[in-house]
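Colleague: pasting the sequence and the predicted model now:
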Amino acid sequence: MAVSIIEQIIPSTNANRPGGNYTKSYITIHETGNKDAGAGAKNHANWLSNGADGEIGYHYTVDDHEIYHHIPDNEKAWHAGDGGSGTGNLHSIGIELCVNADGDFEQTKKNAAWLVAKLMEDYSIPINNVVQHNHWSGKNCPQTIRETGTWDAFLALCRAELDSGSTAPSGDTYTVQAGDCLSSIGEKLGIDWRDIAAVNGITEPYTIYAGQVLQLSGGQPDPAPAPQPSTGYKLGDHVVFSTCYRSSTAPIEEHLTAAQMLRSHGVITRIAEGARNPYLLDNGLCWVNDGDIRGYYQG
Ligand SMILES: [Zn+2]
């Protein structure tokens, strides 16, 4: 079962995001050890973004309903306790399981198993290289799983997720929000926007649109979503269109292409709520609907 992964990457200026670029051949399982009510993945994401307690960092936190991603998978993180050149810190992806008292730990384990299976596929990591924090440093972590003797059962959950095929296609995605551009997305996620453009086959003028699902690594780009009868854009938005209309009520058969218009962009100067083509561009250039708009103009 797919679980949503929320990207909240630690600022690169933080001491708990040491950076670097390392191949990953192991996955290390931890527990947070924090039984406080409310100590879920989101709380840990905020704690890490705010610098945590110095240098502590790891790649993901999982609770019973969501997953937060804190450090890009290829970077090192100080989570394994095996030193500055340790295989655990450099070459393993660290995953923390929440043990908050108000969480469902059985569900957290299932969600973590899904993530483990996904990462195993993404990086060709064998199940034998899915290890406990204890493997690197001798620490009693993941404590609950160790003390209840359920490590083998956890690995079985990972294998079941792998076999179910629920982790394909590989690769994280990001859904474009209104007002986003590639560079702001890259900054938000801590990845080079040119890589996002390349993976998704986006070329100059780098047009994207709200609702578009971008692949962040590997896999094939998702097809564009069907246009919705909505008004997702607002007055003053400078948008790029592929087709437009002479009136707000013209049917699709009467569309004009951007080539016929001799231009492909304009500023929304009026919105006729509920109309078939609700946006008037440049006080009279033509009318467009959400399906005609390819994204925000970046001139
Ligand atoms: Zn640990």
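Modeller: Yep, it's here. Residues are numbered from 1 along each chain as shown.
Colleague: what about residue 94, which SS state?
Modeller: Three-state call for residue 94 (DSSP: H, G, I helix; E, B strand; the rest coil): strand.
Colleague: residue contacts, the nearest residue to it once chain neighbours are set aside?
Modeller: Nearest non-adjacent residue to residue 94, counting by C-beta to C-beta, 6 or more residues apart in numbering: residue 58, 3.3 Å away. Where you see a C-beta, it was placed from the backbone N, CA and C, and this is true even at glycine. Going by C-beta atoms under 8 Å, 6 or more residues apart in numbering, residue 58 touches 30, 70-71, 77, 79, 94-96.
Colleague: now, among those residues, which is nearest to the ion?
Modeller: residue 30 (3.2 Å; C-beta to the ion).
Colleague: how about the strand or helix carrying the closest one as CSV, C-alpha atoms only?
Modeller: In this assignment (DSSP states H and E), residue 30 forms part of strand 26-31. What follows is strand 26-31, C-alpha atoms only, in CSV (Å, rounded to 0.1, in the frame of the first residue of the first chain):
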residue,chain,number,x,y,z
TYR,A,26,22.1,-0.5,3.1
ILE,A,27,18.9,0.6,4.9
THR,A,28,19.1,1.1,8.6
ILE,A,29,16.1,0.8,10.8
HIS,A,30,15.7,2.9,14.0
GLU,A,31,13.0,3.8,16.5
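Colleague: how much distance is there from it to the middle of the chain?
Modeller: Relative to the centre of its chain, strand 26-31 is centred 20 Å away, using C-alpha atoms, centre = their mean, to the nearest Å.
Colleague: what does the helix or strand that it is followed by contact?
Modeller: Next helix or strand after strand 26-31 toward the C-terminus (DSSP H and E): helix 41-49. Residues outside helix 41-49 that contact it (C-beta under 8 Å, 6+ apart) are 6, 8, 10-11, 14, 16, 32, 34, 56-57, 61-63, 66-68, 70, 96, 98.
Colleague: if we go to 6 Å?
Modeller: Residues outside helix 41-49 that contact it (C-beta atoms under 6 Å, 6 or more residues apart in numbering): 8, 10, 61, 63, 66, 68, 70.
Colleague: partner residues bridging residue 271?
Modeller: Per DSSP bridges, the residues bridged to residue 271 are residue 279.
Colleague: and for it, the neighbour number?
Modeller: By other C-beta atoms under 10 Å, 16 other residues sit near residue 271.
Colleague: ok, it to residue 50 distance?
Modeller: As judged by C-beta to C-beta, to the nearest Å, residue 271 and residue 50 stand 40 Å apart.
Colleague: what does residue 172 give?
Modeller: 23 Å.
Colleague: same drill for the two, tell me which one is more crowded.
Modeller: Per other C-beta under 10 Å, whichever of residue 172 and residue 50 has more neighbours is residue 172, with 18 against 11.
Colleague: surely that one meets residue 213?
Modeller: No. Between residue 172 and residue 213 there is no contact under C-beta atoms under 6 Å: 10.6 Å.
Colleague: who does the biggest helix by length in the chain touch, helix- and strand-wise?
Modeller: Secondary structure of the chain read by DSSP state H shows that its longest helix is helix 105-123. Here helix 105-123 touches strand 60-62, strand 92-97, helix 151-164, going by 3 or more C-beta pairs under 6 Å, 6 or more residues apart in numbering; DSSP states H and E.
Colleague: and the helix or strand of the chain at the bottom of the mean pLDDT ranking, what's buried?
Modeller: Scoring the helices and strands of the chain by mean pLDDT, DSSP states H and E places strand 173-175 at the bottom, with a mean of 78. By neighbour count on 16 or more other C-beta atoms under 10 Å, the buried set for strand 173-175 is 173-174.
Colleague: try stretch 181-192
Modeller: For stretch 181-192, by 16+ other C-beta under 10 Å, it's 181-182, 185-186, 189-191.
Colleague: what about residue 73, neighbour count?
Modeller: Other residues close to residue 73 by other C-beta under 10 Å number 16.
Colleague: skipping adjacent residues, who's closest to it in space?
Modeller: Residue 73 sits nearest to residue 93 (C-beta to C-beta, 6+ apart), 5.6 Å away.
Colleague: please list all residues in contact with the one you found.
Modeller: Residue 93 neighbours (C-beta under 6 Å, 6+ apart): 24, 27, 59, 73, 119.
Colleague: all good on my end, thank you.
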